[in-house]
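Enquirer: Below are the sequence and a predicted model; questions follow.
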2 protein chains.
Amino acid sequence: MKILIKNANLISMDLKKEKMQKNIDILIENNKIKKIEKSIQEKADKIIDAKNKIVMPGLINTHCHVPMSIFRETVDGLTTQDWLTQKIWPMEDKLTNEDIYYASMLSYIEMIYTGCTTVNDMYFMQEEIVKAALDTGIRLEVSRTLMDSDGKGDQKLKELEEFIDKYKNKYDLISLNVGIHGLYTNSEEYIKKGIEIAKKNHLKVNMHFCENSQEVEDIKEKYNVKSVLDPLEKYFKDVPLILAHSVKLTDEEIERLSKLNVSIAHCPVSNLKLGCGIAKVSKMLEKNICVSLGTDGQGSGSNLDMFEEMKFSALLQKGTLENPEAMPAYEVLKMATINSAKALSLEDKIGSIEEGKLADLIIVNLENVPYARPYNNILAELVYNTKGENVETTIINGKILMENKKILLKFSPEEIYKKCEDIIKRIS
Amino acid sequence: MKILIKNANLISMDLKKEKMQKNIDILIENNKIKKIEKSIQEKADKIIDAKNKIVMPGLINTHCHVPMSIFRETVDGLTTQDWLTQKIWPMEDKLTNEDIYYASMLSYIEMIYTGCTTVNDMYFMQEEIVKAALDTGIRLEVSRTLMDSDGKGDQKLKELEEFIDKYKNKYDLISLNVGIHGLYTNSEEYIKKGIEIAKKNHLKVNMHFCENSQEVEDIKEKYNVKSVLDPLEKYFKDVPLILAHSVKLTDEEIERLSKLNVSIAHCPVSNLKLGCGIAKVSKMLEKNICVSLGTDGQGSGSNLDMFEEMKFSALLQKGTLENPEAMPAYEVLKMATINSAKALSLEDKIGSIEEGKLADLIIVNLENVPYARPYNNILAELVYNTKGENVETTIINGKILMENKKILLKFSPEEIYKKCEDIIKRIS
């Protein structure tokens, strides 16, 4: 299968190239980008005219709890603790395998619709999450999350090892990591076991870290340390880490963090909504820490629109630093694409549009929306005036999953919406 | 002309009623809301089925510089001072009457498209701004902004008085106020003259106030005072005031502000983008100050999407106060509707859907967007997952200006986009 995209305004996120190249053709063969040139004359099975439109890499969401789509907007006006104990946990206890499948499907449809092509999940009942990914064609990094504070840690270790044996290197679309819920929710011994599994299988560890002030206190007390960096440095020195949130770090801790093999999955919308605060992203970037973007689950993050996360991430730094020069648009675009690919160790495959890379890309159409005109600065338009809604076409692994805003799956989105409405009615 | 809207989920923002009423019909006769009931059987010229959709008051933007649409995304990566001196002011000097007309038209199209029905403008060349409003059917509050620091203050006073004589009470859609640019850009004597004009004509004063730290310093120096509240209390004691921004106020100053006849036009996106900071909105509401929402001009605020302003206003308070219970969704919706109407002294006419009020309302359709499903909490959906893009139909003063996303004006939006692209090319 060959797809030829013609006449695009290409924002390739290939850092060796110009930020925007005009009037470019892109040839996709099977699941790869074969050629990027002006006026490609080759024959193709499918030709897409992208004149006046923007072609860019599919966005990469590095922190999510995929099946939490069904909990959207259940948190308004509640404290996080009340929300979890009174709403989420009792509902989660009732979730069946089928529920997880359909709830994941809803998230994947939302991703395709808003131009996100890869997601890093952290949840449980992971085989259903994988099944839904394979059935939609989304790119997924996934784990079986470890947490032993409920006394069921050993069972989870077993599930994780079985999951790794079964799924490692089995599907193009699926990569794995080792999810450890957090320092504050696990014993030291259990964390060491998780790290061992990661090392043995050459996988990264994916962990929540310093989301709010309470967590910082809890970590200090549990580990009897002065800084949250102490246990990180002690246990995670030689394993690559994706740390979600990392809101509550001092400048000195950010300095120490930069010496470790970590990337930060910044989730600005969720961090605000749960009353956590604002991560010091500019400071992290200044220290050459790789910062990527995530939405968190819809329960806290509301939706999976990575364009919104870009806008929030830029504006929050400008506002809190009182510096309008902070976080220029291109730096923000990097966080949602090539930095996110690096965080997932997938930068050789995705995160930019380059010959030889996998064909994960989106077409954005701002032609008919008054809120983007005139086009004075396309990079800034993508960060400040583009919504997931403006993504017209989504291609993952060389397959067109949405064209002209029509989702191309075996089942209709309406069917999935109905299933999810039924689930939430049953369990709430 | 009678319009009958059937089967709506009505969020009337009538504070005496339930927050959401299901399956309601709304009858519009000429420019007014005639009847709100279940199953209205009356004949109508036009029937709109709003089943599974949301009908709510048109959103009201209380701070904008309408013709600045053409300067969208010219600020990225610049300091405010460099942006103004090197980009905006030289371009503004070249603007013709016709430019102002088309640039205003672009903003009005953007408003109609995103569900905003009224805007409070602060600019100059006001007759063209009015002309474009009348030609589109948007509701406008407007002034000739006063500023004497350029030595041309007297001419502006003359223009303002002539404008008031010509336009006061002349058009249903147009109301007036007295725009004073700011305390720091005007002499005391000149401010007094502006206030006199407001009092003589029974108008409010509309003014920028404490947008950033530099302005606070400038005011203190210029007026030789300890607090920015000192000149406010001295000169504005008996005139109603709309203050845009008000970012840099201490708790004590907010307390003092609450004793004056003021409302605050909160512009969260612009305040972040220009590196000003985050206004203490929760504290203002606690002190019973009327807080409304504004976008500022697109030069700083990027766009006129009031749904985005709602989302930012809610999340910024939750995040900075580290309190997820702060700013529940309904309070945010009030800021964009009934509070904004109060700020403009138009609460008897607009801001809620009630029998006898003017027919300014919008229909929101979330049925086919995956990022809003399942519907667990419609009020929160409107604040966190609705974009201007999801507004399907916009009615102002009983006229349908957009239906099913199609703008119904005498000229095509594309024609206006083209004109605006030409203007910015010419003047930049």
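Expert: Noted; the coordinates are in hand.
Enquirer: contacts, neighbours, all on C-alpha from now
Expert: OK.
Enquirer: How about the residues of the stretch 51-200 of chain A by chain B?
Expert: A:69-74, A:76-80, A:106, A:109-110, A:113 (CA under 8 Å from any CA of the partner chain).
Enquirer: let's see it at 6 Å
Expert: Residues of the stretch 51-200 of chain A found near chain B (CA under 6 Å from any CA of the partner chain) are A:Glu73, A:Gly77, A:Leu78, A:Thr79, A:Glu110.
Enquirer: Which residue is the nearest non-sequential neighbour of A:Phe124?
Expert: Distance criterion CA to CA, 6 or more residues apart in numbering or on different chains; nearest residue to A:Phe124, sequence neighbours excluded, is A:Arg144 at 5.3 Å.
Enquirer: Where does the stretch 51-200 of chain A get nearest to chain B, residue-wise?
Expert: As assessed by CA to the nearest CA, chain B sits closest to A:Gly77 within the stretch 51-200 of chain A, at 4.2 Å.
Enquirer: Can you give me the neighbour number for that residue?
Expert: 19 (other CA atoms under 10 Å in any protein chain shown).
Enquirer: now swap in A:Ser149 and tell me
Expert: A:Ser149: 12 neighbours (other CA under 10 Å).
Enquirer: pLDDT at the residue of the stretch 51-200 of chain A closest to chain B, what is it?
Expert: Among the per-residue scores, A:Gly77 holds a pLDDT of 77.
Enquirer: Name the spans of the stretch 1-150 of chain A whose pLDDT lies under the cut-off.
Expert: For the stretch 1-150 of chain A, no stretch is flagged by pLDDT under 70.
Enquirer: Alongside chain B, which residues does the stretch 301-428 of chain A contribute?
Expert: Counting by CA under 6 Å from any CA, the stretch 301-428 of chain A sits next to chain B at A:303, A:315, A:318-320, A:322-325, A:328, A:370-371, A:374, A:377, A:421.
Enquirer: Now list the buried members of the residues of the stretch 51-200 of chain A next to chain B.
Expert: By neighbour count, with 16 or more other CA atoms under 10 Å in any protein chain shown, these hold A:Glu73, A:Gly77, A:Leu78, A:Glu110 as buried.
Enquirer: Test my guess that the third one contacts B:Ala326.
Expert: No. With contacts defined as CA atoms under 6 Å, A:Leu78 does not count as touching B:Ala326, sitting 9.0 Å away.
Enquirer: All the strands of the stretch 251-400 of chain A, residue numbers only.
Expert: Remark: strands assigned in the stretch 251-400 of chain A by DSSP state E, counting those that start in this stretch are A:262-266, A:290-293, A:361-364, A:391-396, A:399-403.
Enquirer: Report the distance from the second one to the chain centre.
Expert: Right, strand A:290-293. 10 Å (CA atoms, centre = their mean, to the nearest Å).
Enquirer: Given it, what are its sheet partners and their directions?
Expert: Partners of strand A:290-293 in the sheet, by DSSP bridges, are strand A:262-266 (parallel).
Enquirer: Now tell me what touches the partner strand from outside.
Expert: Here strand A:262-266 makes contact (CA atoms under 6 Å, 6 or more residues apart in numbering or on different chains) with A:62, A:240-245, A:290-294, A:343.
Enquirer: start to end distance for stretch A:205-224?
Expert: End-to-end distance for stretch A:205-224: 23 Å, by CA to CA, to the nearest Å.
Enquirer: and A:Asn201, how many neighbours?
Expert: Neighbours of A:Asn201 using other CA under 10 Å come to 16.
Enquirer: do the one 4 residues further on as well
Expert: Using other CA under 10 Å, A:Val205 has 24 other residues around it.
Enquirer: Contacts only, for it.
Expert: Counting by CA under 6 Å, 6+ apart, A:Val205 has contacts A:Asn177, A:Val178, A:Gly179, A:Leu241.
Enquirer: Tell me who's in contact with the most centrally placed residue in chain A.
Expert: Chain A has A:Asn61 as the residue nearest its centroid, 1.3 Å off, counting by CA atoms, centre = their mean. By CA under 6 Å, 6+ apart, the contact list for A:Asn61 reads A:Val119, A:Gly294.
Enquirer: Now it: which helix or strand?
Expert: Using DSSP states H and E, A:Asn61 falls within strand A:59-64.
Enquirer: got it, and A:Lys199?
Expert: Per DSSP H and E: helix A:188-200 holds A:Lys199.
Enquirer: Determine the set of other helices and strands touching that helix.
Expert: Other helices and strands packing on helix A:188-200, by 3 or more CA pairs under 6 Å, 6 or more residues apart in numbering or on different chains; DSSP states H and E, are absent; none qualifies.
Enquirer: Each with direction, which strands does the helix or strand that it is followed by pair with?
Expert: Along the chain past helix A:188-200, the next helix or strand (assigned with DSSP H and E) turns out to be strand A:205-209. Here strand A:205-209 is paired, per DSSP bridges, with strand A:178-180 (parallel), strand A:241-245 (parallel).
Enquirer: Same list (those) but as TSV, adding distance to B:Thr136, mean neighbour count and mean pLDDT.
Expert: What follows is those, written out as TSV (distance: least, CA to CA, whole Å; neighbours: other CA atoms under 10 Å in any protein chain shown; pLDDT from 0 to 100):
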stretch	distance to B:Thr136	mean neighbour count	mean pLDDT
strand A:178-180	55	26	98
strand A:241-245	46	26	98
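Enquirer: Save those strands as a markdown table, and put in distance to A:Ile278 too.
Expert: Below are these laid out as a markdown table (distance: least, CA to CA, whole Å):
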| stretch | distance to A:Ile278 |
| --- | --- |
| strand A:178-180 | 23 |
| strand A:241-245 | 9 |
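Enquirer: ok, A:Met13 to A:Leu140 distance?
Expert: For A:Met13 relative to A:Leu140 (CA to CA), the value is 21 Å.
Enquirer: swap that for A:Leu382, please
Expert: For A:Leu382, the distance to A:Leu140 - CA to CA - is 24 Å.
Enquirer: In contact with A:Leu176: list those residues for me.
Expert: A:Glu141, A:Val142, A:Ser143.
Enquirer: Give me the neighbour count for the first one.
Expert: Right, A:Glu141. Neighbour tally, A:Glu141, other CA under 10 Å: 19.
Enquirer: Adjacent strands (with direction) for whichever helix or strand it is part of?
Expert: Taking DSSP H and E as the criterion, A:Glu141 maps to strand A:139-142. When pairing is defined by DSSP bridges, strand A:139-142 lines up against strand A:116-121 (parallel), strand A:174-176 (parallel).
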